[in-house]
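**Student:** Quick check, what structure comes out for this input:
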Amino acid sequence: MPLRTTARMLVVAALALAAGAACAQGMGRMPMPKAEYGTSAVFAGDGTLIAVTKQGEHVMLYRSPDEGRTWSPPAVVNAVPEAISADGENRPKILALPDGALLATWTRPLGKPFSGAVRAARSEDGGATFSPPLTVHRDRREITHRFEAPVVDGAGRIFLAWIDKRDLESARTAGKGYRGAAVYAAVSDDGGRTFRPEVKVADHSCECCRIAAAPDTDGVPLILWRHVFEPNERDHSLARLGPGGAPSSVTRATFERWKIDACPHHGPALAVAPDGTRHAVWFNVKEGEGRVFYGRLTAHGVAGQRSVGGERAAHADLAVAGQRLAIAWKEFDGERTQLRAEISGDGGVSFRPLAVAQTAAASDQPRVIGRGDDLFVFWRTEGEGMRLFALR
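**Tutor:** Sure thing, here's the model as predicted:
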C-alpha cells in the first residue's frame, strides 16, 4: 500500500476511534475543530431556492429568486432562542410540502453530551413566519435523539427518522450489552402540525452518521443508514417504511465489512430514479483503503459499485432527474478544498467528471438538489457564502 494511503488510513482510523469512543462513553466531541456551517437547500414549488442554517440560537431561512446569486434578508424559524446543531452530518433541514407549505427540522442539543431533541416547525406563508416548534418524539429523556432525516411519501405524509439511544440506555440499566444506537421514526398526517408516537425501525445503528431518505417509485419512504452488524461491521442497511413508520422490510445494503469499534461520522446518500433504480453513495474502508463508493442497491447486492474521486474524497451526495444522475463531493488537495462532481446521462452506467469550485476556507458538505429536469449542487463555505452551481 502506498505510504500516503497508509498514513491517511491511520488518521481516519484514529479520528473514527476517538469519535466512536466519545459517542459510546459520552466523553466529548471529536478531537478536531468543527465549524458549524451545516446548511440545507430545496426549491419551493414556485422555483424559489430556500436555504436554512444556524445563526446563534436560531434557525434562519433565506430565499433566492435567482438560483443563489442574491439572497433575501433572513427569516427566523424559531422565535424563542434555543441550541441548534448545524454541523455537516446533523444540520437544519427544509422540506417543500405538497400543500405549498414549508417544514423546517433540526436537532436541539440538550445538557448531556450527545443528547438532543428532534424539532419541527411549519410555515404556510413561504417561510416568512413559522409555527412554534414542536418536539417530534414522545420520549423526552435527556439522551440521543439526533440526525433527523425527513421525507414525504406519495400520500403527503411526513416521515422523520432519527438516531435514538433509548434502547442502549435500557440495556445499560439492565446490565446488558447493546451495539450502537437505534433508528426510530414518527409520522405526521397533517403536514407537520402534529406527529404520531414514534416507532422503532431497527436496533444497532451507528451512533453519529446521518441518515439518508428518499421516496421509492410508489411513494413509500426508503431510509439508508450505517448499521452495526454483529460483531462490529459498519456497513449500511436499507428499510421501506409502512404508513405508521414501522418497517415493512430491512435489508443489508453494502458489503465492505469494515470492522471498527467507532463511528466514522460519514453517512450515506440515496436517490431513486423513475425506473426504480436505487442509487447510493457512501464511505467505507475496503481492503485497507477508505474511499467514497457509488453503487446501485438491488435485492441481490450492489450493482455497478466503484470508487468516487480520489483518496481524499469525502461527504458525497447525489440526486436524480429522469435518467440523469449527479454526484458531488469535497476533496482536499493539500492546499484547498475542491468541490467536484460526476454527471451521468444513462442512469449511472457512465459518468463525466466535473470540477465545480474550490475554497481555501472552511466549508460545509455539498448538497445535490433538483428542480424539474435540472440538477444543482449547493455549497456553503466560510469565505464565499451560500452558492448554487448548475450541473447541466
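
**Student:** can you give me the helices in the protein?
**Tutor:** Here the chain has its helices, by DSSP state H, at 3-25, 166-173.

**Student:** which parts of the shortest one are buried?
**Tutor:** Of the residues in helix 166-173, those buried by neighbour count under the rule 16 or more other C-beta atoms under 10 Å are 166-168. C-beta: built from backbone N, CA, C; applies to glycine.

**Student:** and it, average pLDDT?
**Tutor:** Mean pLDDT, helix 166-173: 97.

**Student:** follow-up on the earlier one: where among the helices of the chain is the average confidence lowest?
**Tutor:** Among these, helix 3-25 scores lowest, at a mean of 38.

**Student:** Show me this structure divided up by domain.
**Tutor:** Using automatic domain parsing, the domains assigned to the chain come out as 1-26+44-264, 268-392.

**Student:** Any idea how far the first one is from the middle of the chain?
**Tutor:** Just to be clear, that refers to domain 1-26+44-264. Offset of domain 1-26+44-264 from its chain centre (C-alpha atoms, centre = their mean, to the nearest Å): 6 Å.

**Student:** The chain should start at 442 in everything you say after this.
**Tutor:** Will do, 442 is the new start, and the previous item becomes domain 442-467+485-705.

**Student:** Give the bridge partners for Thr822, please.
**Tutor:** Ser804, Gly826 (DSSP bridges).

**Student:** who's Leu766 bridged to?
**Tutor:** Where Leu766 sits in a bridge, its partners, by DSSP bridges, are Val761, Ser785.

**Student:** So it is in contact with Ala712, correct?
**Tutor:** Yes. In this structure, Leu766 is within contact of Ala712 by C-beta atoms under 8 Å, at 7.4 Å.

**Student:** The two: which has the busier surroundings?
**Tutor:** Between Leu766 and Ala712, counted using other C-beta atoms under 10 Å, Leu766 has the larger neighbour count: 27 against 24.

**Student:** Mutual contacts of Leu766 and Ala712, please.
**Tutor:** 720, 759-760 (C-beta atoms under 8 Å, 6 or more residues apart in numbering).

**Student:** Scan these and report the most crowded one.
**Tutor:** Busiest of the shared contacts of Leu766 and Ala712 [other C-beta under 10 Å] is Leu759, holding 27 neighbours.

**Student:** check contacts around the closest residue to it other than its chain neighbours.
**Tutor:** Nearest in space to Leu759, with sequence neighbours left out and distances taken as C-beta to C-beta, 6 or more residues apart in numbering, is Ile768 at 4.5 Å. The contact partners of Ile768, taken as C-beta under 8 Å, 6+ apart, are 722, 735, 749, 757-759, 782-783, 792, 809.

**Student:** rerun that using 6 Å as the cut-off
**Tutor:** Shown in contact with Ile768 (C-beta atoms under 6 Å, 6 or more residues apart in numbering): 722, 757, 759, 783.

**Student:** Would you check that the third one makes contact with Val809?
**Tutor:** Same thing as Leu759. Yes. Counting by C-beta atoms under 6 Å, Val809 is a contact partner of Leu759 at 5.4 Å.

**Student:** number of nearby residues for Asp787?
**Tutor:** 10.

**Student:** Phi first, then psi, for it.
**Tutor:** With angles defined as degrees, to the nearest 10, Asp787 shows backbone torsions of phi -130, psi 40.

**Student:** if we can go back for a sec, ok, the contacts of Ile768 vs Ser513, which is closest?
**Tutor:** Leu759 (28.3 Å; C-beta to C-beta).

**Student:** Next one: the residue nearest to Leu759 from Arg812, what distance?
**Tutor:** 18 Å (C-beta to C-beta, to the nearest Å).

**Student:** Below-threshold pLDDT in the stretch 492-641 of the chain: ranges please.
**Tutor:** Residue ranges of the stretch 492-641 of the chain with pLDDT under 70: none are present.

**Student:** Next, format the contacts of Ile768 as a markdown table and append distance to Glu565 and pLDDT.
**Tutor:** Listed next are the contacts of Ile768 as a markdown table, based on distance: C-beta to C-beta, whole Å; pLDDT from 0 to 100:
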| residue | distance to Glu565 | pLDDT |
| --- | --- | --- |
| Val722 | 34 | 98 |
| Ala757 | 34 | 98 |
| Leu759 | 31 | 98 |
| Glu783 | 38 | 98 |
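
**Student:** Fine by me, thanks again.
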